Structures are given as structure tokens and as C-alpha cells.
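Peer 1: Have a look at this prediction, sequence included:
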Amino acid sequence: MPTTRPRHALLLLGSLALGAPLAAQTTPDSAPRRRPDSTAQALAAMRVTAGRARTGAYAPARTATATKTDTPLRDTPQAVSVVTRQLIADQAMQGMADVVRYVPGVSMSGGEGHRDQPTIRGNSSTADFFVDGVRDDAQYYRDLYNVERVEALKGSNAMIFGRGGGGGVINRVMKQAEWAPTRTITVEGGSFDHKRGALDVGAALGRAAVRLDGVYEKSGVFRDVPGFRRYGVNPTAALALSPSTTLRASYEYFDDDRTVDRGIPSFQGRPSPADVRTFFGNPAVNRAFAHVHQGSTTIEHVAARGLRVTNRTRLADYDKFYQNTYPGAVNAAGTQVSLSAYNHALRRRNLFNQTDVVLPLGTGAARHTLLVGAEVGRQRTDQVRQTGYFDGIATSLSVPFAQPTVETPVTFRPSATDADNLARATVAAAYLQDQLALGEHVQAVVGVRYDRFAIAYHNDRTGQRLSRTDRLVSPRAGLVLKPATPLSLYGSYGVSFLPSSGDQFTALTVTSQTLEPERFTNREIGAKWDARADLALTAAAYRLDRTNTSAPDPSDPAKVVQTGAQRTTGMELGVTGNVTRAWQIAGGLAAQRARIVSTTSAAKAGQTVPLVPRRTLSLWNRYQILPALGAGVGIVRQSDVYAAIDDAVTLPGFTRVDGAVYVGLARNVRAQLNVENVLDARYYGVSNGNNNIMPGATRTVRVSLTTGF
């Protein structure tokens, strides 16, 4: 089983100190800084920038992720939903499942009870996560204690992110050391023995700035099993090397230890009538832990005439293990249910380096912003899977449906087909993009990326060696028409690819190593209107085609052909910002349909893609009643979804209502009450197949106190 030793943290820091520096993401809501005449002026500009980044609005104005340049969201020809730091705080969000709840077009699956697994525009992935624009593709639950904001960038866009991201990606913009003081402590308690504390302190030290974010949580859950414990620490530092050059460094250690809970089985095409708290399996066996080391160095240089050179290096070490017993099918009489078990250990080490050069050109009617960049990286993944044997003999156990929580001993050992392998992946990429402005009313984005992705795979159980190299060309094009300054109408086209090894490098076989990558093509039109400086409305309609997927050869079922295809069509409406000075809102509406249009290895043509609701509605409202008193209310509505690709089990639609109260106790002290599922609705929000259905949490109350000092 892979393990992380303390020395790995030291090796990580040493590697970063010796490696190529990396440049920080542009501050989320800030404009590019002018080149100062002195270090003092530079520090003053940084203080102003930091202040703007902390205004806490629901509607940020800009992004540095979607185009790798500092660009207004209104002028970005792509649907981008941003969950800001203020919205995270107001809803007491703590994980990615909380974030996507109010993001149209994005949902979360069960993730087998141990990982984040979003579905974006009908495409599910465990790997489409990024940190400050750099890949973070291991399987674990991410916390939000050190996050400035979360961006959901929807639609295929390999020109920016490289392979994967067929439906889109989720990018975390992390907190950074800034030249402005930060001193807050939050303590939180609530239902199911919830206990959590977070720290955020930072200061300027002349030409340097430092910041420390930390979190510790130990909480129960609404189900009849032990809960989880997690903690993290993230020091960051910045140094103004000159008036035009900034160096940043960051290191995070994050630890998550929890009981794996895969939910309840189905019965007769619906979630079974089991009590929502009932656990199926042996809770003493079910456990998952993740030990995550992530470090980065950053350097950014702004030269004359706006030339900006940015270099990013990120090194990550993930040690992940999970072990579970879980339910299978219930018998026809509804009296017995089968249990199975396995465990899986994974160790992944990532090293990525990106270099971006941004150069503004032209004056007057025609202006260009050129981006030239390159990325290199390598990933090593060791993984071992073992099958569980009940009483040391049987791979399944039939138990009474009325009493599915068991103490039967389970032993684990490799079966003849269990994975035991090593995968080494390397990537080398170059990309070019031009953002063109023709006068005040027409803008265009055109770009292309070339990737060389190679993977070498060794089966440690059989000695088999496999390999494949793909050369991928990913174009991007977008046109923005601006009939008025606050209004943008756009159309866009983007492409992405997923190599045959899969998003976690587990799918490479003798057959799949001969297959071309799957292709994702996103066509989108939309509109973005800044009704006011602090109120943004968006609309998008799209068609996303997934092609080149494997399917059985009609003339020889033993062979595979790449004729399978999936299509998602949909529309999204979004709103974020201030309706009035006292009333803030965030949410949206999505209507989408994802179906198999040409038979694949997983499903026949005509079947519906699971966990993609035809309709979703989410709207969060916060109202400042008095200077020291505010209240929030949110509603989430989702239509029926299928639990798996065979369309055999339906999860009913549901409506959930959340609420909050905010009280200012003193100048720098705020008390907050959050209630999730106020009406205590019974619902089933996520699943991992037909028989791992997770009930939604019952009414959950949390109380927090935040103080600045």
C-alpha cells in the first residue's frame, strides 16, 4: 500500500526551491498592474489590488483562467460560473459538492464515497480539476479553507487546459500572500457533532508578504456510521524582487480520513425504502484516507509595453487509499441484499511547468493580445487493488435487507484480475492564441494547442508492458459582438481529447492501446449582460458531441470499433450580483439532454446519460435587513435522473430549501447560522450506479463565529 513519509514534504520543498519558478494567477477581480517606478510604488499597487480582491461581491468582473490573460468575464466567449469567496462564506460551503449546487449545468455524482466526481454538460470525470490553472487530477475530497474562488469553465477547451475536460473543468483560485493584512479565525459547530475551525492570517514584511491558512475539522454525518476528520495547512509567501517582478511560493499539506459510505441499493427501479440513515456493509472495514502534499513556486515579470512573462511550476504527491463494503442488488422479494468488498491503494506524483508570454500589440481600431505558451509535465501512478473475501472465503455476502449493517470479517487479497500496475505519463505542449479587438464592438479569440502525450504502462502482476503516444491538435475560436458596452453576444467552438488510457490511466489494455483518443467538440452561442457594475446576467445554448468512443464491432463482437457517440444539448441562464444595495443573488437555470446517439461499449443508441437532470433551478438570496443583521434563503430544484447508463433506476426529482442568518456582534465579529434542507425533505441527490444511491442529508444546522483581530 503506498504511503507518504515525512521526508517527502522536505523533498517537495527542496525540489521547488531548485526548480523553475512559477507565476501566480492574476488576482481574480484585478486589472493588470502598471509598471511602477519604484518598489514602494509596486507595494502600494499590490495593496490596492489585494483590497479589491477582498470586496466579497457575488459577481466578479474578470478572469485570468479562461484565456490565460486578464479578461473581463463579459468578453470571454465561453460559459463561466464563478463561486466567490463571499458566496462560499455566506453558505458555509466546505467542499466541491457545495460549490456546484448553485452552478447551472454542473452536478456531482456519488464518487464511491471517497472522491469528488462532477458531471459537466453530461460528461463525468474524476480528473478535471485544476489549481490556479495547473492540473490537480487525483481522486480525493477537496476542502475550501484556502480558496479565493472556484471557477467552473464549461465546454471543451483543451487549448487552455490540455487533454480531458470534455464537458469543462473546475479551477480553484487559491489564496495568496498579499501586501495587505489578513487576520481572521472561524469556529463552527452544528448537527451530527460537527466541529470545525479555520485560520487565515497574513502580513506585509517590507518587500515580502506572508500568509498562513489552516483548517481542522472532526465531524459526524447523518448516517449511522462514524464521520470524518480532516485538516490542512497552507503557508504562502511573496517577494517583490523588483518593481516589475514578483516571486511567490506556496506549500500545502492536506489530510482527509473518513468512513467510506456508498449509500443504499435500489428496488424495483427506484431507491429502496431503507431508512436514509441505514448503512449497508461493515462500517469497521470501510475507510478512506488521502495525504496530499502540493507545492508551487511562481514568478511573474511585467516588462515595457505590457509584456508579461509568467512561469508556473507545481509539484504534487498524492497518497490515497480506500477500502469498502457496499451493496449490490436486492432480491425480487425485497428481503435480501448482496454485499461485496474491495480496496484500492494509489500513489501519484505530478510535476508540471507552464510558461506563458502575453504581449499586447496595436493601437487604435485594431488591438491584439498575443499569448504564446508551453507546458511540460510528468506523472507517475502506482496502484494496487485487492478483492474482499467475507469470512476469508466468499466474494459476496447475502444479508437481510432489514439488517444490512454487519460485523462479518473481511480479508483482502489480490484476485487473478485485480489491478497492480505502474503508469508513467509525460506531456509536452505548445499553444498560441490571439485576442483581437476591432474597434469597440467586435472581438475575437483564436487559438491552437499541440500536445504530445505519452504513457507507458507496466502490469506488475503479469509483467505485461503497454504504451501509446498521441499527438493532439486542439483548436479554439470565439467571436464577441458588443452592440453596447455592457452587452456581449458570442459564439464559440472548442475541442478536447481524452486518450484511451482514461482520465486516471487505468483503461490501457492490449485493445485500447490501439485506439485513438475520444474527441469532444463544443459549439456554443450566448449573451452576457452587465445590468450594472455589480449585477451580471448570462445565457448560453450549446451542443457538445463526444465521438470516437469504443463500441463492439458488429461483424466481430470480439473486436472494438470507434463508432460510439454521445451528444449533450442544453441551455443555461445565470445571474450573480446585487439586485439592490441590500439584496444579493446567485444562481441559475439549466435545461439539458444528454443521450447516446451511436451505440458504445457501455450503452445502446437512444439511452440517456445518467445523473444529467433535464431541468435544474438554483437561486440563493442574501438580504441585509439592518447594518448588523442579514438573512439568506436558497432553493435548489432538480428533475428526475437515471442512476446508471442502463436507464433502469430513476432518482426522483426534488426541491431543497436552505437558509441563513448573519449577525454582526461587533466591528470585527460576525455570528452566522446556516440551515441546510430547512424543510427536511427526503431526496436522493447522487449515486454511483444503480445500487450505490446516497440519500440527501436531513436537516443540518451549523453555527459559526468569525472574528478579525
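Peer 2: Now that the structure is in, tell me what you want to look at.
Peer 1: which residues of the stretch 501-650 of the chain fall in strands?
Peer 2: Ranges of strands in the stretch 501-650 of the chain, per DSSP state E, counting those that start in this stretch, are 518-532, 535-553, 556-578, 583-598, 615-626, 629-638, 641-642, 650-651.
Peer 1: export those strands to a markdown table and tack on distance to Y493 and mean neighbour count?
Peer 2: (Glycine included, C-beta is placed from N, CA and C.) Listed next are the strands of the stretch 501-650 of the chain as a markdown table, based on distance: least, C-beta to C-beta, whole Å; neighbours: other C-beta atoms under 10 Å:
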| stretch | distance to Y493 | mean neighbour count |
| --- | --- | --- |
| strand 518-532 | 6 | 20 |
| strand 535-553 | 11 | 19 |
| strand 556-578 | 15 | 18 |
| strand 583-598 | 19 | 20 |
| strand 615-626 | 25 | 17 |
| strand 629-638 | 30 | 18 |
| strand 641-642 | 29 | 22 |
| strand 650-651 | 34 | 20 |
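Peer 1: Tabulate these (TSV), appending mean pLDDT.
Peer 2: As requested, those are exported to TSV (pLDDT from 0 to 100):
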stretch	mean pLDDT
strand 518-532	96
strand 535-553	91
strand 556-578	88
strand 583-598	96
strand 615-626	98
strand 629-638	98
strand 641-642	96
strand 650-651	98
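Peer 1: Could you dump those into TSV and include distance to R277?
Peer 2: Listed next are these as TSV, based on distance: least, C-beta to C-beta, whole Å:
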stretch	distance to R277
strand 518-532	40
strand 535-553	38
strand 556-578	35
strand 583-598	30
strand 615-626	26
strand 629-638	22
strand 641-642	23
strand 650-651	18
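Peer 1: quick one, what contacts the residue nearest in space to the middle of the chain?
Peer 2: Taking C-alpha atoms, centre = their mean, the centroid of the chain lies closest to I170, which sits 3.8 Å from it. By C-beta atoms under 8 Å, 6 or more residues apart in numbering, the contact set of I170 is 96, 99-100, 106, 118, 120, 128-130, 150-153.
Peer 1: Can you verify it is assigned to a strand?
Peer 2: Yes. Using DSSP: H, G, I helix; E, B strand; the rest coil, the assignment for I170 is a strand.
Peer 1: can you tell me how far it sits from A138?
Peer 2: As judged by C-beta to C-beta, to the nearest Å, I170 and A138 stand 14 Å apart.
Peer 1: so G439 sits right up against L481, yeah?
Peer 2: No. Using C-beta atoms under 8 Å as the test, G439 is too far from L481 to be in contact (11.2 Å).
Peer 1: Look at those two and report which has more neighbours.
Peer 2: L481 (14 against 11; other C-beta atoms under 10 Å).
Peer 1: What's the local residue count around F709?
Peer 2: Neighbours of F709 (other C-beta under 10 Å): 8.
Peer 1: List the contacts of it.
Peer 2: Counting by C-beta under 8 Å, 6+ apart, F709 touches R183, T184, I185, N668.
Peer 1: repeat for A428
Peer 2: A374, E375, V376, D451, R452.
Peer 1: For A374, see how far away it is.
Peer 2: 8 Å.
Peer 1: Show me where the stretch 401-550 of the chain dips below the pLDDT cut-off.
Peer 2: Counting by pLDDT under 70, the stretch 401-550 of the chain contains no low-confidence segment.
Peer 1: give the contact list for R229.
Peer 2: Counted by C-beta under 8 Å, 6+ apart, R229 has contacts E217, K218, S219, D256, D257, R258.
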